[in-house]
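Engineer: Coordinates for the following, if possible.
(one chain, ligands or ions: 1)
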Amino acid sequence: MQERVNSLKAAIQAGRAHIGIWCSLASALTTEIVAGSGTGWLLIDGEHSPNDLRSIMAQLQVAAAFPCEAVVRLPSDDPNLMKQALDIGARSLMIPNVRTAEQARAIVAAMTYAPGGFRGFSVGHRANAFGRIAGYHAKAREQQLLAVQIEDETGVANAAEIAAVDGVDVLFVGPGDLSTNMGSMGNPGADHVQEAISSVRRAADSAGKASGILAPVKADADRYLADGFTMVAVGSDLGLLARGSDALIASFNQ
Ligand SMILES: O=C(O)C(=O)C[C@H](O)[C@@H](O)CO
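Structural biologist: All right, here's what the predicted structure looks like:
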C-alpha cells in the first residue's frame, strides 16, 4: 500500500492555484458535505472551532473518501499536538502565529523523524494505515505540507526568512488577526494591511514558496488569486450556513 499523493502540495509546487473551504463547525457530517463539493482542499480548524483529536480524526476519515486534501490547523506550534495530529493522519498542517524563522524551523523539526527532526516514532497509527503503508516513516515528509500563518507585523517583517526555511511550503496570511494586530481590527482591506499582505506574497514568491489567504468575499478571492496567491480559502461551512439561513428567512419576511 502507498500513501496517497498530497494533491494540494503537488498543485502549489507546480504553481497551480487550489481553492479551499474552511470547516469551522467541528462536524464530520458537514465536513463530508464540503469535501464532496469539488473543493481542492479543506481546512479542519483546531484553533477557533470546538475540535479535539477525535473530532479532527472523524473529519479526516470522511474527507479521505474525496479527492481533496484535508489541512488541519492546530491551536499553536505545540510539538506534542503536532505529533498527535500527524499520527491520526493529518499530513497537511497549518500553524498559526508564526513570527520567526527559528519558530518555523522548530515546527518543521516537530514534523520530521530523526535525524532531521524529533517527531515521536510510533510503529503503527492511522497515518501509516496501521502499518500497511510500506516505508511510511522514511518517506513521511514527502506528502507533508506545512502552511505557516503570518498574522502580525513581526511575522510580516520576517516573512522572507520564514519562507526560506526548508520544509515551509506556504506562507498563509491570517487576514483577521493581521488586520487586528495592525490596528485595523477585522479590516484586511485597509491600505497598510493590504501592503503587508502583498509583501508576504512577494516574500513567498522570492523564496519559491506558495502563499495563501482566507478570502470569503469573492471579489477579494479573485484579486488574491490574480495576484499570485495559490492556496486560497474562498468560504467556510459556518459562513455558508449562517448567511444562507439568514437570507432564506429574510426572503420570506419581505
Ligand atoms: O486571522 C484570520 O483571519 C485567520 O487565521 C482565519 C480565522 O481564524 C478563521 O477562523 C475565520 O475567521
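Engineer: Just say helix, strand or coil for the residue nearest the centre of the chain.
Structural biologist: In the chain, the centroid-proximal residue (C-alpha atoms, centre = their mean) is M94; its distance is 3.9 Å. Three-state call for M94 (DSSP: H, G, I helix; E, B strand; the rest coil): strand.
Engineer: Please name the residues that touch it.
Structural biologist: 43, 71-74, 147-149, 172 (C-beta atoms under 8 Å, 6 or more residues apart in numbering). Every residue, glycine included, has its C-beta placed from N, CA and C.
Engineer: go with 6 Å
Structural biologist: 71, 73, 147 (C-beta atoms under 6 Å, 6 or more residues apart in numbering).
Engineer: who does it bridge with?
Structural biologist: For M94, the beta-bridge partners are R73, A147 (DSSP bridges).
Engineer: What pLDDT does the model give it?
Structural biologist: Looking at M94, its pLDDT is 99.
Engineer: residue ranges of the strands in the chain, please?
Structural biologist: 18-23, 41-45, 69-73, 92-95, 145-150, 170-173, 210-214, 231-236 (DSSP state E).
Engineer: Could you check the angle the fifth one makes with strand 231-236?
Structural biologist: Between the direction of strand 145-150 and that of strand 231-236, the angle (axes from the mean of the first three to the mean of the last three C-alpha atoms, to 10 degrees) works out to 70 degrees.
Engineer: same question, the third one
Structural biologist: Regarding strand 69-73 and strand 231-236, their directions subtend 80 degrees when assessed with the same axes, to 10 degrees.
Engineer: what's the spacing between strand 69-73 and its chain's center?
Structural biologist: 6 Å (C-alpha atoms, centre = their mean, to the nearest Å).
Engineer: now the first one
Structural biologist: Using C-alpha atoms, centre = their mean, the mean C-alpha position of strand 18-23 is found 9 Å from that of the whole chain.
Engineer: Much appreciated, bye for now.
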